[in-house]
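Trainee: make a model of this:
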Amino acid sequence: MSVDAPSFLFFVCQAGAETALKNEMVRLAPDLRFAFSRRGFLTFKQPPDRPADELPELCPVFARTWGFSLGRVTGDHAESLARQVWDLAGDRSVEHLHVWQRHTAASGRPRPTSEVSVLADEVAGVIASHRPARLPILTVNQTARPGQPVLDCVLVEPNEWWIGWHRAAAGPLCWPGGVFPLAMPDHAVSRAYLKMAEALAWSRLPIAPGERFVEIGSAPGGACQALLDRGLNVTGIDPADMNPELLEHPRFTHVKKRGDDIKRREFRGVDWLAADANTPPDVTLRTVEDIVTHASVRVRGVLLTLKLADWSLGSQVPQYLQRVASWGFERVEARQLSRGAREVCVAALRQNANRRPRGARRRAGKSMRSRRPTDYQSNAPTTRPTANPSSIDAGTPIASAIKTQAARESRLAGTNDVSGGGAGMPSPCDDRVS
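Mentor: Below you'll find the predicted structure:
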């Protein structure tokens, strides 16, 4: 059986983002022609001179994942549909099989569970059982390694499957359906835990245990928990109350204040900054700009959530990224996270931010060396260390709060060293938006 050069590309997105994605593709790839769409699913026709089985270099903000479209299969019996799948796949060699349902939730609302549903797993099992004898046993609905060939099956309807193919690359193209594969940890106080975990995994910012991370708009604390589980020293800024469990954590400090109300010089000593406030993009960007451009602040990178009141604001994303780049950040990228709502996540990294300061490992406290978080899964201890509540009132500067937090952490660890540090991490991914 021959392998025909695919003429179409498929894209999946959050339900409601179809127009934003179509407009983005006009800008990124004007030679592609829109062909078909259903809620959460689109296809585009390629020009005839495109190389076979070579995906164009794209990094669309509003696409969860994408690949070559091989066509669709329809029918009433899973076994018949599975045989049609392999007819479309032809002689392509694949190692992974990704099957998921398109996103159909109400606009602006993330689906509470992964698109890799029970139905998707059942369909994947049927397809895998009908694989050609020449193929090895397939890895089903697991994260692929970069470079591995993946057969995609999007369940547009239970009896209508769209088949695709792609070669996994860093990040979302390795995840089934482009959805970050992490279940909600039992100890997480909000779904912001999953969103922060996905942002860290997607952006691959070189954040190391022991560094200082500030989040603006932190209540009730899910994102802060994800950072603490990564071994960071975290300060949450929010006038609302944090979950009591976080206030007992030795590496967490709560400043009950709005981000705009804090003197910018108080962010001295902060390595990383996140903002996830329920404000328009221009307000969030103005607040962060005032902080990171202050002469005494040396923030290495940021993770910003920009809320989109309506999908038309998607056309402004390139301008938002240019504004962030103008603050002195060399690498700037954006993505609509699978765990987010009607919003985009912006990751930015300063030039030379991958370089660790000389002596950083030596300065790392014992408590940081003894705690080595594993990737992005929850590794929080089953019992929290006992400490006094660390909520700081509105009159306490962040710099003082950080020093107090570091001193408390060092006392608990049995050392007088109060400086952070840690080992480096991989550089951000190469397929970025700039």
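
Trainee: counting contacts, what elements does the strand or helix carrying residue 196 pack onto?
Mentor: For residue 196, the host element (DSSP states H and E) is helix 192-203. Where contact means 3 or more Cβ pairs under 8 Å, 6 or more residues apart in numbering; DSSP states H and E, helix 192-203 is packed against helix 222-228, strand 301-307, strand 343-350. Quick note: C-beta positions are derived from backbone N, CA and C, even for glycine.

Trainee: highest average neighbour count across those?
Mentor: Burial of these is given as mean neighbour count (mean count of other Cβ atoms under 10 Å); helix 222-228 ranks first at a mean of 28.

Trainee: what lines up beside the helix or strand just after that one in the sheet?
Mentor: Beyond helix 222-228 in the direction of the C-terminus, DSSP H and E gives the next helix or strand as strand 233-237. Each strand paired with strand 233-237, and its direction, by DSSP bridges: strand 212-216 (parallel), strand 252-255 (parallel).

Trainee: quick revisit: which one of the helices and strands packed on helix 192-203 lies closest to residue 189?
Mentor: helix 222-228 (5.3 Å; Cβ to Cβ).

Trainee: how far is that closest one from where the chain is centred?
Mentor: 14 Å (Cα atoms, centre = their mean, to the nearest Å).

Trainee: which neighbouring elements make contact with it?
Mentor: helix 192-203, strand 212-216, strand 233-237, helix 244-247.

Trainee: the same query, at a cut-off of 6 Å, please.
Mentor: Contact here means 3 or more Cβ pairs under 6 Å, 6 or more residues apart in numbering; DSSP states H and E; on that basis helix 222-228 packs against helix 192-203, strand 212-216, strand 233-237.

Trainee: pLDDT of the helix holding residue 196, averaged?
Mentor: The predicted model assigns helix 192-203 a mean pLDDT of 96.

Trainee: relative to strand 301-307, how tilted is that helix?
Mentor: Here helix 192-203 points in a direction 120 degrees away from that of strand 301-307 (axes from the mean of the first three to the mean of the last three Cα atoms, to 10 degrees).

Trainee: what sits up against helix 192-203?
Mentor: 171, 180, 182, 222-223, 225-226, 303, 335, 337, 339-340, 345, 347, 376, 428 (Cβ atoms under 6 Å, 6 or more residues apart in numbering).

Trainee: turn the helices and strands packed on helix 222-228 into JSON lines, columns for mean neighbour count.
Mentor: Formatted as JSON lines, these follow (neighbours: other Cβ atoms under 10 Å):
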{"stretch": "helix 192-203", "mean neighbour count": "24"}
{"stretch": "strand 212-216", "mean neighbour count": "26"}
{"stretch": "strand 233-237", "mean neighbour count": "27"}
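
Trainee: distance to residue 260 added to those, as JSON lines?
Mentor: Output for the helices and strands packed on helix 222-228, formatted as JSON lines (distance: least, Cβ to Cβ, whole Å):
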{"stretch": "helix 192-203", "distance to residue 260": "21"}
{"stretch": "strand 212-216", "distance to residue 260": "9"}
{"stretch": "strand 233-237", "distance to residue 260": "10"}
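
Trainee: so which of the ones you listed gets nearest residue 143?
Mentor: Of all those, helix 192-203 comes closest under Cβ to Cβ, at 10.0 Å.

Trainee: quick one, that closest one and strand 343-350 angle?
Mentor: Going by the same axes, to 10 degrees, helix 192-203 makes 50 degrees with strand 343-350.

Trainee: what's the closest of the contacts of helix 192-203 to residue 269?
Mentor: residue 303 (18.2 Å).

Trainee: any idea how far the closest one lies from residue 267?
Mentor: Here residue 303 is placed at a distance of 15 Å from residue 267 (Cβ to Cβ, to the nearest Å).

Trainee: and residue 261, by the same measure?
Mentor: Counting by Cβ to Cβ, the gap between residue 261 and residue 267 amounts to 13 Å.

Trainee: higher neighbour count, those two?
Mentor: residue 267 (26 against 10; other Cβ atoms under 10 Å).

Trainee: on that earlier part again, nearest approach to residue 166 belongs to which of the helices and strands packed on helix 222-228?
Mentor: Of these, nearest to residue 166 by Cβ to Cβ is helix 192-203, at 17.0 Å.

Trainee: how distant is the closest one from the center of its chain?
Mentor: 4 Å.

Trainee: just the CA atoms of it, as CSV, please.
Mentor: What follows is helix 192-203, C-alpha atoms only, in CSV (Å, rounded to 0.1, in the frame of the first residue of the first chain):
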residue,chain,number,x,y,z
ALA,A,192,-5.1,26.8,38.9
TYR,A,193,-2.7,24.0,40.0
LEU,A,194,-3.1,22.3,36.6
LYS,A,195,-2.9,25.5,34.7
MET,A,196,0.4,26.5,36.3
ALA,A,197,1.8,22.9,35.9
GLU,A,198,0.9,23.1,32.2
ALA,A,199,2.5,26.5,31.8
LEU,A,200,5.7,25.3,33.3
ALA,A,201,5.8,22.2,31.2
TRP,A,202,4.9,24.0,27.9
SER,A,203,7.2,27.0,28.4
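
Trainee: begin at 37, not 1, for the rest of this chat.
Mentor: Got it, the first residue is 37 from now on, which makes the last one we talked about helix 228-239.

Trainee: that older thread, tell me which of the helices and strands packed on helix 258-264 sits nearest to residue 65.
Mentor: Of all the helices and strands packed on helix 258-264, helix 228-239 comes closest under Cβ to Cβ, at 21.3 Å.

Trainee: how many other residues sit next to residue 168?
Mentor: 10.

Trainee: could you tell me how far the residue lying closest to it once chain neighbours are set aside is located from residue 174?
Mentor: In space, and not counting its chain neighbours, residue 168 is closest to residue 122: 6.0 Å by Cβ to Cβ, 6 or more residues apart in numbering. Distance, residue 122 to residue 174, by Cβ to Cβ: 11 Å.

Trainee: do residue 325 as well
Mentor: In terms of Cβ to Cβ, residue 325 sits 48 Å off from residue 174.

Trainee: okay, the two: which has more neighbours?
Mentor: When neighbours are counted by other Cβ under 10 Å, residue 325 and residue 174 differ, and residue 174 comes out ahead with 19 against 14.

Trainee: settle this for me: the more buried one is touching residue 134, isn't it.
Mentor: No - with contact defined as Cβ atoms under 6 Å, residue 174 does not count as touching residue 134 (10.0 Å).

Trainee: can you count the residues close to residue 80?
Mentor: For residue 80, the neighbour count with other Cβ under 10 Å is 22.

Trainee: ok, now residue 110?
Mentor: Neighbour tally, residue 110, other Cβ under 10 Å: 12.

Trainee: for it, give me the pLDDT.
Mentor: Looking at residue 110, the pLDDT reads 97.

Trainee: ok, the residue nearest to it when sequence neighbours are not counted to residue 175 distance?
Mentor: Of all residues not flanking residue 110 in the chain, residue 196 sits nearest, at 5.2 Å (Cβ to Cβ, 6+ apart). Taking Cβ to Cβ as the measure, residue 196 falls 25 Å from residue 175.
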